[in-house]
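J.: quick one, fold the following:
(one chain, ligands or ions: 1)
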Amino acid sequence: MISDEEILKSKDVPGPTKEEIRCLVLCKARIKKNDYVVEVGCGTGAITIELAKKAGRIDAIDKNIKAINLTRKNLKKQGLLDRVNIIHGEATEVLKNLKNFDVMIVGGSGGKLQEILNIGSKKLTENGRIVITAILLETKVEAVHTLQNLGFKTEIIEVNISKGRILDRGTMMLANNPISIITGYLQ
Ligand SMILES: C[S@@+](CC[C@H](N)C(=O)[O-])C[C@H]1O[C@@H](n2cnc3c(N)ncnc32)[C@H](O)[C@@H]1O
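T.: As a prediction, the model looks like this:
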């Protein structure tokens, strides 16, 4: 897992998913080396980089062209550009044209989470997984309810990470915003 510092950022793209959260997303997604993974809302490409090291085929989607360009730059920096199919577009449209996949990671939905989950769930292979990261309370509730209604075995964890800042007289723990990781497993 690369550090947060290694990831190129831009003022026009939301910041990268933090290293510790990326670890948990990858863990919950149970990625295997032949998996076909679709990432909705790749942003900086921080999660895409890790997917590119682990999965068989990766499609990374974002509706923001600046995010697409940044994902491309970050993948190139890590020597992983040829491992990912980067797609610029609205996820609800792009997903319809994809073949069936094993895992869908949702890092952003722009108010279209239900639609993304409805379309994505129909494209999942047997034993497919969906992993959603959410900051807003409303998104967390919507993610859990939608996955349950679609028949997924649904799990949610809330992660509160504090990182130590080393000072002259000791170490101060600084808290990051809590983030939820909601996972749906086909059963
Ligand atoms: C919080 S950022 C993702 C962070 C990313 N995991 C990272 O580490 O950089 C959310 C991204 O989702 C994208 N997004 C939101 N709704 C979308 C949609 N409906 N279709 C495609 N992309 C979307 C946004 O443009 C944004 O780049």
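
J.: number of residues surrounding the closest residue to Gln78 other than its chain neighbours?
T.: Using Cβ to Cβ, 6 or more residues apart in numbering and skipping the chain neighbours, the partner closest in space to Gln78 is Ile49 (5.3 Å). The C-beta positions use only the backbone N, C-alpha and C, and glycine is treated the same way. Using other Cβ atoms under 10 Å, Ile49 has 25 other residues around it.

J.: need the contact list for Ile49.
T.: Neighbour list for Ile49: Ile2, Ile7, Asn74, Leu75, Gln78, Leu80 [criterion: Cβ atoms under 8 Å, 6 or more residues apart in numbering].

J.: swap in Gly128?
T.: Contacts of Gly128 (Cβ under 8 Å, 6+ apart): Phe101, Asp102, Val103, Met104, Ser121, Leu186.

J.: how about Phe101?
T.: Shown in contact with Phe101 (Cβ under 8 Å, 6+ apart): Tyr36, Val37, Val38, Asp59, Lys123, Leu124, Thr125, Gly128.

J.: hang on, the residue nearest to Gln78 in a strand?
T.: No. With DSSP: H, G, I helix; E, B strand; the rest coil as the criterion, Ile49 is located in helix rather than a strand.

J.: hmm, back to that, now a ChimeraX select for only the buried ones of the contacts of Phe101.
T.: Selection of buried members from the contacts of Phe101 for ChimeraX, criterion 16 or more other Cβ atoms under 10 Å:
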select :36,37,38,59,123,124,128
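
J.: and the residue nearest to Ser3 when sequence neighbours are not counted, what does it touch?
T.: Nearest non-adjacent residue to Ser3, counting by Cβ to Cβ, 6+ apart: Glu19, 6.0 Å away. Listed by Cβ under 8 Å, 6+ apart, the contact set of Glu19 reads Met1, Ile2, Ser3, Asp4.

J.: next one: phi and psi at Glu19?
T.: Main-chain dihedrals, Glu19, degrees, to the nearest 10: phi -50, psi -50.

J.: now do it against the ligand, distance only.
T.: 10 Å (Cβ to the nearest ligand atom, to the nearest Å).

J.: check the gap between that residue and Asn176 for me.
T.: 11 Å (Cβ to Cβ, to the nearest Å).

J.: likewise Leu136?
T.: According to Cβ to Cβ, Leu136 stands 16 Å off from Asn176.

J.: okay, the two: which has more neighbours?
T.: Under the neighbour definition other Cβ under 10 Å, Leu136 and Asn176 were set side by side, and Asn176 has more, 13 against 9.
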